[in-house]
Structures are given as structure tokens and as C-alpha cells.
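Q: Got a predicted structure here, sequence first:
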Amino acid sequence: MSFPHRRPTAMALAALLVAAIVAACGAAEPSVTPTKLVVGLGYIPSVQFAQFYLAQQAGYYADAGLQVEFQNKIDPDLIPLVGAGKIDVGIGDGTSVMPAVSNGIPVRYIATIYGRFPNIVFAKASSGIRTASDLAGKRIGTPGRYGSGWILLQAMLGTGGLTTGDVEIIEYPDFTQRAAVEPGAVDAATGFSNNEPVQMELAGTATVVLHIDNAIALPGPGLIAGTSTLEAKHDAIAGFVAATLRAMDEIKGNPKAGLDAAIKAVPELAKDRDAQAAVLTATIESWSGPLQATLGLGAIDSQGWTASTQVLDHMKLLLKPVDVDQLVRTDLLPARD
């Protein structure tokens, strides 16, 4: 017995069409909500953070499934906020991480940004200062008796057989040491190799710079995160580290890309592009110490950290002894070939 042929309804045809499209193209994957990371940078937005701006603008963070928000904080404020989980990732001075961990703040250093210690003592070339021992009896400007600059100054004086009692310390809480050195209000000051000396040279004032690297291997600023945050967002933070180091490698090969990204993020930097380019050049030079030159940007010098804890302990800057395993983690760094 045969049945009469029935034409499909319009609804049935639509259903067949949808089924055919799904079969041909595959079912749409559900969208993934990016992981938000609050990232603490330094006190003032500047070209020194070009790698973060480039990674954001080029979509490297987005490609890693991240939504990144930048905040600017000074180091003494940032480290406790990172330890408390209020900021996910930050830039912290290695010499600040050690006392913080010694005092029970749960942070870890997870990637090196400055392979060469950037803190320095600088003076006008006409000052006659050439070595640490020449600082005896001199007036030295510094933002305050805290942080990496203060540790650097004490260590620097120590290499010349001096202490802070052998010099006159003048504090500049508003970070105006350069403005004090140029007119002679102080004989020398603490600063950064990629900041004050660069600016003074561009302005026509010859400078002398005292580095600590050859005497003491103090760890420079790097990325830090709280221990609880590392457990909760390990893969996201590893993605952030990899994206940031990718941007650093790109800028190292093409500084203009970093300068353009910084100016896009901080438009007022365009007012003196040549000066900003000089600062960025000095910054890039500070990214690579001997270890980073061998193993790649971001590499952590665990032996240097161990030696530095002994230095800070000798300076009585640690509440209790800490070892390298309490300070650094290398599992957030990308694998190297």
C-alpha cells in the first residue's frame, strides 16, 4: 500500500537548512571569558614600561586570554598590595622583595625585568667623584631611607669602606634628586641608570655614574605575584609573563616599536621624542645581564639572589633569614629552546 507524497513544511525546511549549516561548519564554540589581571607598574607612566604597553596594544595579552588593567604605584605600596592579592602582578625591586618576605609578606619574584641593577649613584663629572670612596663627606640626595635606592647607597658606601655616617644624607621625597644635583644643592644622588644621567647628558651636563654590579650582584626589578594569586591564576600569570617577554624581545630588536607604543599609551611623551628614545635605549641595555644574555630575557639568577640575601642580612635589613626558594619561582617563565 502506498502513501501519498507530502511536501515538507516551511518550518521543516528551515530546520533542515540549519542542520546542514551546522554539519558543514561545525558547532560554534562557546566564548571564553578572559581572565582579568590587575598589574602594578611604577610610580609614573613612562617609556620605561614600553613592553607592557606594546603587549597590550599588539594583542599579546588578549591572545593569552587576559584582560589586563594597569595601575601605577610606588614600590613600598605595591609589594604589600601584591602580597594581599589586591594587585595580581607587579614590578618589584628584588632588594625590596627580600625584606618583605622576611617580614611575612607572601610574594614571589617570577621573572627578571632588569638583568642589570638599575639603581646608581650619579653626580656631575665636575664633582671629582669617581669611586665610592670619593663620597666621603659629600652631600647625597635620595628620596628616602627605604627601598632599592637606599639599599644601593648603603652597599655602595660599603664598597668604599664608608657608612651613611660618613656622608650627609638629604631626603627628596618628591624624587627631585636631579634638580638638586644640577645646581649643586647636593654633590651626588641616588637614581636610575636609565633616568637622571640620561636626562642630564641630553641637557648638556656631563655626568659620572657609580654602578654596584661589579661588586655585588643585587637583583634588579622584576615581576612579582602573591603566593595565593599564583595558585589561583597560575596559567594566566604564566601567559602574562610570556606575552611581556615577547614584547621585550620585539622592542630589543626594534626600539621604535616600544617608543611608539609608549607614546600611544602616554601621549605627552611625544613632546620630547628624542629624550624618550634615549631613556628607552638605556632601559633596553638594563634588561640583559650576563645570565639573560645567555638564557634569554626574564631569566632569574638564583645564585645571585642567594648572595644578595647574605648582603642584606649583613646590613641587618632582614627580620629573619630567607632562602632563595622562599623568594623566587621559575616555573612561570616560558620554556626556552
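A: Here it is on my side, so go on. Numbering: from 1, shown residues only.

Q: If you drop the residues flanking it in sequence, what lies closest to residue 311?
A: In space, residue 311 comes closest to residue 216 once its chain neighbours are excluded; the distance is 5.7 Å by CB to CB, 6 or more residues apart in numbering. From N, CA and C alone the C-beta is placed, and that goes for glycine too.

Q: host element of the one you found?
A: Here residue 216 sits in a region with no helix or strand, counting by DSSP states H and E.

Q: Quick check, it in contact with residue 155.
A: Yes. If you go by CB atoms under 8 Å, residue 216 and residue 155 touch, sitting 5.4 Å apart.

Q: Which pLDDT value belongs to residue 215?
A: At residue 215, the pLDDT value in this model is 81.

Q: With neighbour numbers in mind, choose between residue 216 and residue 155.
A: Higher neighbour count among residue 216 and residue 155: residue 155, with 22 against 18, using other CB atoms under 10 Å.

Q: tell me which residues of the helix or strand where the more buried one lies are tucked away?
A: Assigned by DSSP H and E, residue 155 belongs to helix 147-159. Within helix 147-159, the residues that qualify as buried by neighbour count (16 or more other CB atoms under 10 Å) are 147, 148, 149, 150, 151, 152, 153, 154, 155, 156, 157, 158.

Q: circling back to that earlier point, what residues are shared contacts of residue 216 and residue 155?
A: Common neighbours of residue 216 and residue 155 (criterion: CB atoms under 8 Å, 6 or more residues apart in numbering): residue 311.

Q: residue ranges of the helices in this protein, please?
A: 10-25, 50-57, 60-63, 75-83, 94-102, 147-159, 177-181, 196-202, 227-232, 234-253, 255-265, 273-287, 290-295, 302-314 (DSSP state H).

Q: of all the ones you listed, which lies closest to residue 37?
A: helix 234-253 (5.8 Å; CB to CB).

Q: what helices or strands is the closest one leaning on?
A: On a contact count with 3 or more CB pairs under 8 Å, 6 or more residues apart in numbering; DSSP states H and E, helix 234-253 meets strand 35-41, helix 50-57, helix 60-63, strand 66-72, strand 107-112, strand 222-226, helix 255-265, helix 273-287.

Q: Below-threshold pLDDT in the stretch 201-337 of the chain: ranges please.
A: Residue ranges of the stretch 201-337 of the chain with pLDDT under 70: 337.

Q: same thing but at 80, please
A: Per-residue confidence of the stretch 201-337 of the chain (counting by pLDDT under 80) places the weak regions at 214, 336-337.

Q: How much space separates the residue nearest to residue 308 when sequence neighbours are not counted from residue 160?
A: Among residues not flanking residue 308 along the chain, residue 218 sits closest, at 5.3 Å (CB to CB, 6+ apart). As judged by CB to CB, to the nearest Å, residue 218 and residue 160 stand 16 Å apart.

Q: and residue 309, what does it touch?
A: Residue 309 sits next to 98, 318, 321, 322, 323, 324, 327 when contact means CB under 8 Å, 6+ apart.

Q: Could you do residue 227 as well?
A: 106, 107, 108.

Q: mind redoing it with 6 Å?
A: residue 106 (CB atoms under 6 Å, 6 or more residues apart in numbering).

Q: So what's the residue count around the residue nearest to residue 288 when sequence neighbours are not counted?
A: The shortest distance from residue 288 to any non-neighbouring residue, by CB to CB, 6+ apart, is to residue 115 (4.9 Å). For residue 115, the neighbour count with other CB under 10 Å is 26.

Q: Quick check: end-to-end length of stretch 192-205?
A: 16 Å (CA to CA, to the nearest Å).

Q: ok, now stretch 286-296?
A: The first and final residues of stretch 286-296 sit 13 Å from each other (CA to CA).

Q: From the rest of the structure, what touches that stretch?
A: 114, 115, 116, 118, 194, 297, 299, 301, 336.

Q: Please compute how far that stretch lies from its chain's middle.
A: Counting by CA atoms, centre = their mean, to the nearest Å, stretch 286-296 is centred 15 Å from the centre of its parent chain.

Q: ditto for stretch 296-308
A: Counting by CA atoms, centre = their mean, stretch 296-308 comes out at 15 Å from the chain centroid.

Q: From start to finish, how long is it in a straight line?
A: End to end - CA to CA - stretch 296-308 spans 21 Å.

Q: do the same with stretch 308-323
A: 10 Å.

Q: Stretch 157-174 too?
A: Chord length of stretch 157-174, first to last residue, is 23 Å (CA to CA).

Q: How much space separates residue 185 from residue 179?
A: Counting by CB to CB, the gap from residue 185 to residue 179 is 8 Å.

Q: Likewise for residue 322?
A: According to CB to CB, residue 322 and residue 179 sit 37 Å apart.

Q: And for residue 36?
A: Per CB to CB, residue 36 is found 39 Å from residue 179.

Q: now swap in residue 163 and tell me
A: 27 Å.
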